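S.K.: How does the following fold in three dimensions:
(one chain, ligands or ions: 1)
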Amino acid sequence: MGVLEGLQPERVFHFFEEISRIPHGSGNTRAISDYLKAFAEERGLFCRQDELGNIVIIREASPARKEEEPYILQAHVDMVAVSAQGVEIDMKKEPLRLKVEDGRIFAEGTSLGGDDGIGVAYCLAVLDEQTVSLPRLEVILTVDEETGMEGATDIDLSMLRGRRMINLDQEEEGIFITSCAGGARVDVEIPMEREVAPGKAYRFLEFRITGLVGGHSGMEIGKGLGNANWLLASLLCGISLRYDIRLAQMKGGLADNAIPREAEAAFFVREADLPEILSYAEAEEQKIREALLENDPGFALEKVCHDVTVSAPAYTRAATKSALACLCKLPNGVVAMSEDVEGLVETSLNLGVLSLRENCLRLQYAVRSSVDGDRAELCRHMIQIAEEAGAKAVVRNAYPGWAYRKDSPLREQMVRIYERMYGKKPILEAIHAGLECGILAGKIPGLDCVSVGPDLQNVHTAEESMDIESVGRVWNYLLEVLKQ
Ligand SMILES: [Zn+2]
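M.R.: Below you'll find the model as predicted:
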């Protein structure tokens, strides 16, 4: 007997429990994909499984609703498989150990995979629905969303007729997602010429920025946080315009899509300039501290001066100056805010990783925009700045965004039904991070899309849980929408 048996809505929880018996962490989705295929075949439904394991299932319209436009339902089948410390479980092979506590469902010692197993369970329950007459349903179930949306990127959707899609990968009931950003990676390499270590008239300085909050380069870019790479580069650029400095080392950040918390550089300066450089740096440090006081109060700049001569290889004064100037000409942070959605960052970029290589200064950016044309324009702008400085910029991994539609019949209908059922309006949210909806919207021309889901907590952790009543309300709501 199942742990969830007796919970309402029965079929939704039945399928959720079935799914939880099949390990389905990202990259380990073959078995769950085969289960979904068997589900469709048992019911005589059209099913297409691709090489990655993505699944498309189509249920034809009930006779009374043949003339209507189809609905697309979408969820991802993979989950973030994590266990708490000390818990002995092989999540590649063993089922989840579901438990019910205080009106919520957990998995003992591990993540639950409510993200996005509940979306998959809704899809299967709708496909299995016999009591309600429905238009044609086209269900998209993707693999490997959590590791980089590889499934959505690869899936072939040419067999679909629908132009309106309900994505079921949202974690808060009552908040509808209506737009997301697309993105790209941009790598810039600025050539650098080396020289032997400067002579006795030079001292060796080390600067290190620490204590910043950091965060996701999409969700957190509009919060006024400090970017360690950018702050350090601007500071050094200011110094290099005034004094003779020669970079020896410079690095910062861990990933292009994370706002870097720390960065450091080591460089030679003329001994005679040292006092002025230090007082210039202190004044700049004070300005930065004041600017970050509210949002990033932990900012610190460490300055270490080596009295003895250090014999480290350095880059020439000219190379140092022009590389820093090029870096500071490139934009960073928020580029544009949305005119349609208040408070939404529309276009941004993040200098996530900075490193000094043998012959170049290497910069790695994550660029984002909910408007694809603006993202492409920003990338072109970066290439132009780089080329003017004799550097090279390469754009890779570009993926489309999901722009907010002023005119969205699906959203209007869903808001109307929500208001009628809940007695209040849902919150409409646009996010400045990538979702599968963006990638799928790039494959379905004119797609009208809304993302919804029940209340989940602590997703991607071993404490993940799902609210039982919320699952029920969202199910009733979803059926109401599909009925119309
Ligand atoms: Zn998800």
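S.K.: Sketch out the low-pLDDT regions of the stretch 151-300 of the chain for me.
M.R.: Along the stretch 151-300 of the chain, no part satisfies pLDDT under 70.
S.K.: Kindly report the residues of it close to the ion.
M.R.: Proximity of the stretch 151-300 of the chain to the ion (CB under 5 Å from the ion) is limited to residues Asp169. Placement of C-beta: from N, CA and C, glycine included.
S.K.: which stretches of the stretch 151-300 of the chain form helices?
M.R.: 228-242, 274-292 (DSSP state H, counting those that start in this stretch).
S.K.: what's the domain layout of this protein?
M.R.: 10-180+402-483, 183-399 (automatic domain parsing).
S.K.: mind giving me TSV with the ones you listed and columns for distance to Leu4 and mean neighbour count?
M.R.: Formatted as TSV, the domains of the chain follow (distance: least, CB to CB, whole Å; neighbours: other CB atoms under 10 Å):
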stretch	distance to Leu4	mean neighbour count
domain 10-180+402-483	4	19
domain 183-399	32	18
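S.K.: can you tell which of these is closest to Met1?
M.R.: With CB to CB as the measure, domain 10-180+402-483 is the member of those nearest Met1 (10.4 Å).
S.K.: gap between that closest one and the chain center?
M.R.: Put simply, domain 10-180+402-483 sits 18 Å off its chain's centre (CA atoms, centre = their mean, to the nearest Å).
S.K.: Please apply the same query to stretch 254-270.
M.R.: Between the centre of stretch 254-270 and the centre of its host chain there is 23 Å, according to CA atoms, centre = their mean.
S.K.: Report how far apart the opening and closing residues of it are.
M.R.: Start-to-end span of stretch 254-270 (CA to CA, to the nearest Å) is 32 Å.
S.K.: Grab the nearest non-local neighbour of the residue of the stretch 201-350 of the chain found nearest the ion.
M.R.: Going by CB to the ion, the ion is nearest to Met219 of the stretch 201-350 of the chain, at 14.1 Å. Distances taken as CB to CB, 6 or more residues apart in numbering place Ala433 nearest to Met219, at 5.3 Å, with adjacent residues excluded.
S.K.: which stretch of helix or strand covers Arg396?
M.R.: strand 392-399 (DSSP states H and E).
S.K.: So which elements touch the next helix-or-strand element following that strand?
M.R.: As assigned by DSSP H and E, the chain's next helix or strand after strand 392-399 is helix 409-422. Under the contact definition 3 or more CB pairs under 8 Å, 6 or more residues apart in numbering; DSSP states H and E, helix 409-422 sits against strand 164-167, strand 175-179, strand 448-451, helix 468-483.
S.K.: Apply 6 Å and report the result again.
M.R.: Using 3 or more CB pairs under 6 Å, 6 or more residues apart in numbering; DSSP states H and E, the elements in contact with helix 409-422 are strand 448-451, helix 468-483.
S.K.: Mind listing the strands whatever helix or strand comes next after it pairs with, and their directions?
M.R.: As assigned by DSSP H and E, the chain's next helix or strand after helix 409-422 is strand 427-430. Applying DSSP bridges to the sheet, strand 427-430 is found paired with strand 175-179 (parallel).
S.K.: wait, which of the helices of the stretch 151-300 of the chain is closest to Gln364?
M.R.: Nearest to Gln364, of all the helices of the stretch 151-300 of the chain, is helix 228-242, at 9.5 Å by CB to CB.
S.K.: now that closest one and helix 274-292, what's the angle there?
M.R.: 140 degrees (axes from the mean of the first three to the mean of the last three CA atoms, to 10 degrees).
S.K.: just checking, what packs against helix 228-242?
M.R.: Contacting helix 228-242 under the criterion 3+ CB pairs under 6 Å, 6+ apart are the following elements: strand 202-210, strand 245-252, strand 263-270, helix 274-292, helix 317-329, strand 345-356.
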